[in-house]
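K.L.:
My questions are about this predicted structure, shown below with the sequence.
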Amino acid sequence: MGQITPQPGIMDIALYQGGESKIDGANRVTKLSSNENPLGPSPAAKTAYLEAVEDLALYPTTDHRALREAIAQVNDLDADRIICGAGSDEIIAFLCNAYAGPGDEVLHTEHGFLMYAISARAAGASPVVAAEAERVSDVSALIAAMTDKTRLVFIANPNNPTGTMISAAEVERLADALPDQALLVLDGAYAEFVSDANFDAGASLVETRENVVMTRTFSKIYGLGGLRVGWGYAPRHVIDTLNRIRGPFNVSSAGLAAAQAAVLDQDYTARCRDENAKWRDWLSAQLAQIGIPSDPSHANFVLARFADEDQAVRADQWLRKGSLIVRHPMSYGLPECLRITIGDETACRAVIKFLTEFMESERA
């Protein structure tokens, strides 16, 4: 009997590797590899989650109305143009499944989120990479890479794993250059960490255009990575399309309840943003003092750069001796770097302690 084969492109997908969480022989570790919120979720979100246990026998709502209205209220958006998913990953997959297929191209930046290429291949489309300029999204390179086959253009702003971002004017220039058959997808997974009060992660472009989509997540600043809740904001015709392929119960009742409470607790969100900015700036400055450069980060991590891949590997091993797990982003084409999540004060000081020792050992 023959063996069934998957659709073309599926076996070209490299398995996504999440941030490690264990070190052999270590009882307790400090995980700084997945950009999780060290403060955890809002107390209100925890309460909502616990209360949801009474309804576990019931299916969740199919329209996610309460969560969509809470998101719309906080972000001054139209609730009818919001779609919710199992993390923003699922929204990305919806977009690829709905708009890209064999013969189509999905364009993304050189160090962009791995799920762009994975979701493109899963839909039968071809991922296309545009070079970045010193780890910053290059709009000119993206425009030059567009063809009549381009159906989706993904850009994360701020970007993961670099932490860099481009201006609203540059995002608008990219939107202006889109081919008629393409959508621009603005991934705002780290948007809440941006300090500029005027930054809207592209929502205003979505409001005024028919070819721009924004995705967001509850996994980062809201501290709900374990519940898998994300959302997208898009023109009505896109929302209508995506809802036709969305599973009717794709977000759990507990996830919906916790996310609603989390987004409405903006005082707690502001506290998380302020704490992150404080220790991100401190960590970046301390790294620079010991000879480890990094680009200005607008997210909840710092991309530390070393002399070469070998030195980055040695630094990673040194941190592990202190039970500190960071991310070595080789799969993102950054083998000479380590991505360090901004932890709490204790974690940040431990990182600097061990990297200071490491750099001193390198000079010995």
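P.N.:
Good, I have the coordinates. Residues are numbered from 1 along each chain as shown.
K.L.:
Which residue ranges of this protein form helices?
P.N.:
For the chain, the helices defined by DSSP state H cover 43-51, 65-75, 87-99, 114-122, 139-145, 168-176, 203-208, 236-243, 253-264, 266-289, 309-321, 345-363.
K.L.:
what comes up buried for the second one?
P.N.:
Translated: helix 65-75. For helix 65-75, burial by neighbour count (16 or more other C-beta atoms under 10 Å) applies to 67, 68, 70, 71, 72, 75. Using the backbone N, CA and C atoms, a C-beta is placed for each residue, glycine as well.
K.L.:
now the fifth one
P.N.:
Residues of helix 139-145 classed as buried by neighbour count (16+ other C-beta under 10 Å): 139, 141, 142, 143, 145.
K.L.:
so the fourth one makes contact with residue 179?
P.N.:
Pointing back at residue 143 there. No: using C-beta atoms under 8 Å, residue 143 makes no contact with residue 179, being 10.1 Å away.
K.L.:
which residue is nearest the middle of this protein?
P.N.:
residue 189 (4.1 Å; C-alpha atoms, centre = their mean).
K.L.:
Go ahead and confirm that residue touches residue 156.
P.N.:
Yes: Residue 189 is within contact range of residue 156, at 6.6 Å (criterion: C-beta under 8 Å).
K.L.:
Read off the pLDDT value for the residue nearest to the centre of the chain.
P.N.:
With respect to pLDDT, residue 189 scores 97.
K.L.:
Touching, residue 99 and residue 211? I think so.
P.N.:
No: using C-beta under 8 Å, residue 99 is not in contact with residue 211, being 10.6 Å away.
K.L.:
Now the common contact residues for the two.
P.N.:
residue 183 (C-beta atoms under 8 Å, 6 or more residues apart in numbering).
K.L.:
hang on, the earlier thing: need the overlap of contacts for residue 189 and residue 156.
P.N.:
Taking C-beta under 8 Å, 6+ apart as the contact rule, residue 189 and residue 156 both touch residue 113.
K.L.:
Now do the domain split for the protein, please.
P.N.:
Domain assignment for the chain by automatic domain parsing gives 10-40+267-363, 43-264.
K.L.:
among those, which is nearest residue 2?
P.N.:
domain 10-40+267-363 (16.3 Å; C-beta to C-beta).
K.L.:
start to end distance for the closest one?
P.N.:
46 Å (C-alpha to C-alpha, to the nearest Å).
K.L.:
same question, stretch 337-346
P.N.:
The first residue of stretch 337-346 is 22 Å away from its last residue (C-alpha to C-alpha).
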